[in-house]
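A.B. asks: Compute the structure for the input listed below.
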Amino acid sequence: MFKIVAYGVRENEVPFFEKLNRYNYDLKLLPEYLNHDNIDTAKGADAVLLRANCVADATNLAKMKDWGIKYVFTRTVGFNHIDLAAADANGQLVARVPSYSPNAVADLALTLGLTLQRHVAFAAYHSQAKDFRVLPEEFSSEIRNLTVGIIGTGHIGIAEARSYQALGAKVLGYDIYQSDEAKEVVTFVEQADLLAQADIVSLHVPYIKGENDRFINADLLKLMKPTAILVNTARAEVTNVADIVAALQAGKLGGFAADVIDDEKDYLGKNLQDQPIKNADLAALIDLYPRVILTPHIGSYTKEALTDMINISYDNFNEVLTTGTSKNLLHAK
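C.D. replies: Purely as a prediction, here's the structure:
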């Protein structure tokens, strides 16, 4: 029986992995992320199934190769946690889940954007402190009079655009590739024009190392309205957090929401309530609540998205085992 060790499986996700196991794989479901300290947990397996923040670098891949692990798959869209060049050199196959329910992330992005735009977090924060005054900072506009900018109009960006459009907002889009589907729901403009006009800017771009690192920086932030809201449910690496903090502190940005943070593996899944945050930019963001809202990478944390991730991952394994290949294989450039 084909043995798979799956990492980062939360307790409430276990029944999904088991119920959807139509190929009868031998599953070992572990709650921890794969790292250098627990790599021995992969021994005896034929394959591993990872998620973001697992460590599949050259060191871990070499150990897996020595143990006969040929299949290093991830149940995520992103794959920068896997060293593709090392995997290719080892003769290991890597596959991903290229998409899942786009509404999962789109719904969260919309919720974060409107929570800040309508000043819900601000009002709730003060009410929690028993301050029930109606403050000038809580004054806002209605959705039907908002302009929303979507940077990255793939499946997720389109899903969010549709939701905003249904609520009456004007939706602008920017993408190098302008699909016919996207043209049905967004008005494409140049990136500078989108930033200048939008009340809410939502990021849905993939992170491509060496190409778009920290591309949302001080220069682009200067183009935005000082009251605008920036939402990042893509990857932390596409934003310069220090520049965002500076813009917020200077009153040049209305609010920031993110479902992703730098060095996530150092923070996600951990309760650090009584410990100092070593990353100064992250600590600054936390201190800026309620103008800043951070969530612990829960964009794909829905029943529908999880079901898609597991089903496609299982299909990826079945394809390579029965045909020797899969449409979702990855290789180094």
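
A.B. asks: which residues sit against stretch 296-303?
C.D. replies: 16, 52, 76, 100-101, 103-105, 107-109, 233, 259-261, 264, 267-269, 306, 309 (CB atoms under 8 Å, 6 or more residues apart in numbering). Yep, even glycine has a C-beta here, placed from its N, CA and C like the rest.

A.B. asks: go with 10 Å
C.D. replies: 10, 12-13, 16, 51-53, 75-77, 97, 100-101, 103-109, 112, 156, 233-234, 236, 258-261, 264, 267-270, 295, 305-306, 308-309 (CB atoms under 10 Å, 6 or more residues apart in numbering).

A.B. asks: Separate out the buried members of those residues.
C.D. replies: 13, 16, 51-53, 75-77, 97, 100-101, 103-109, 112, 156, 233-234, 236, 258-261, 264, 267, 295, 305-306, 308-309 (16 or more other CB atoms under 10 Å).

A.B. asks: List the buried residues in stretch 285-296.
C.D. replies: 285, 288, 290-295.

A.B. asks: Of the residues you listed, which belong to strands?
C.D. replies: 292-294 (DSSP state E).

A.B. asks: okay if I get these as JSON lines plus distance to residue 43 and pLDDT?
C.D. replies: Shown next, in JSON lines, are these (distance: CB to CB, whole Å; pLDDT from 0 to 100):
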{"residue": "292", "distance to residue 43": "42", "pLDDT": "98"}
{"residue": "293", "distance to residue 43": "41", "pLDDT": "98"}
{"residue": "294", "distance to residue 43": "36", "pLDDT": "98"}
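
A.B. asks: For residue 63, state which of the residues you listed is nearest.
C.D. replies: The shortest approach to residue 63 among those belongs to residue 294, at 33.9 Å (CB to CB).

A.B. asks: gap between the closest residue to that closest one other than its chain neighbours and residue 189?
C.D. replies: Using CB to CB, 6 or more residues apart in numbering and skipping the chain neighbours, the partner closest in space to residue 294 is residue 258 (5.6 Å). Using CB to CB, to the nearest Å, residue 258 is found at 24 Å from residue 189.

A.B. asks: just to revisit the earlier point, from the buried ones among the contacts of stretch 296-303, which ones fall inside strands?
C.D. replies: residue 258.

A.B. asks: Just the ones of the buried ones among the contacts of stretch 296-303 in helices?
C.D. replies: 16, 103-109, 112, 156, 305-306, 308-309 (DSSP state H).

A.B. asks: burial count for residue 86?
C.D. replies: The local packing of residue 86 (other CB atoms under 10 Å) involves 20 other residues.

A.B. asks: ok, which stretches of the stretch 151-300 of the chain are strands?
C.D. replies: Using DSSP state E, counting those that start in this stretch, the strands of the stretch 151-300 of the chain run over residues 170-174, 187-188, 200-203, 229-232, 255-258, 292-294.

A.B. asks: Rebuild these as TSV, extending it with distance to residue 160.
C.D. replies: Listed next are the strands of the stretch 151-300 of the chain as TSV, based on distance: least, CB to CB, whole Å:
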stretch	distance to residue 160
strand 170-174	9
strand 187-188	15
strand 200-203	6
strand 229-232	9
strand 255-258	13
strand 292-294	16
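
A.B. asks: residue contacts, the nearest residue in space to residue 119 that is not next to it in sequence?
C.D. replies: Nearest non-adjacent residue to residue 119, counting by CB to CB, 6+ apart: residue 138, 4.5 Å away. Applying CB under 10 Å, 6+ apart to residue 138 gives the contacts 118-120, 122-123, 126.

A.B. asks: what separates residue 138 from residue 131, distance-wise?
C.D. replies: Residue 138 is 11 Å from residue 131, by CB to CB.

A.B. asks: list the residues that contact both of those two?
C.D. replies: With CB under 10 Å, 6+ apart, residue 138 and residue 131 have common neighbours residue 123.

A.B. asks: Nearest residue to the middle of this structure?
C.D. replies: Centroid check for the chain by CA atoms, centre = their mean gives residue 234 as the closest residue, at 4.3 Å.

A.B. asks: Can you report phi and psi for that residue?
C.D. replies: In terms of degrees, to the nearest 10, the main-chain angles of residue 234 are phi -90, psi -100.
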